[in-house]
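1. sequence-free structure coming up:
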Ligand SMILES: [Zn+2]
């Protein structure tokens, strides 16, 4: 049996007793170019499948010995397991921005 723990609070998640929530974060540079119409910049529900295919292509090319240059464009794909309470916390405040009392900004 697989054991999971919450990536936020490190609490073990008993999959038989509670729901384990998976949070996926995709970060990539937005390409605001109207001529690019076959990319996932706007909306792409099949992003995961595309990604898998891309990976397989990449692996095949690596096998073939082709030169593959990795360019770090800042894109990241992150995946976290969350317990129920952390899920609620995250949904309310996805970016972890401190909320509550307004700071005393001076409005000149
Ligand atoms: Zn948690």
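-> Okay, I see it. Just so it is clear, the model here is predicted, and its values are computed rather than measured.
2. switch to C-alpha atoms for all contacts and neighbour counts from now on
-> Will do.
3. got any ranges where this protein has weak pLDDT?
-> Low-confidence segments of the chain (pLDDT under 70): 1, 34-49, 62-70, 99-108.
4. 80 instead, please
-> Along the chain, segments meeting pLDDT under 80 span 1-2, 32-52, 55, 58-71, 99-108.
5. where along it do the strands fall?
-> Taking DSSP state E to define them, one finds strands in the chain at 4-5, 12-13, 21-27, 76-82.
6. what strands line up against the first one, and which way round?
-> Strand 4-5 has the following sheet partners, assigned by DSSP bridges: strand 12-13 (antiparallel).
7. identify the residue spatially nearest to residue 76, adjacent ones excluded.
-> Spatial nearest neighbour of residue 76, chain neighbours left out: residue 27 (5.0 Å); criterion: C-alpha to C-alpha, 6 or more residues apart in numbering.
8. for the one you found, which residues are in contact?
-> Going by C-alpha atoms under 8 Å, 6 or more residues apart in numbering, residue 27 touches 74-77.
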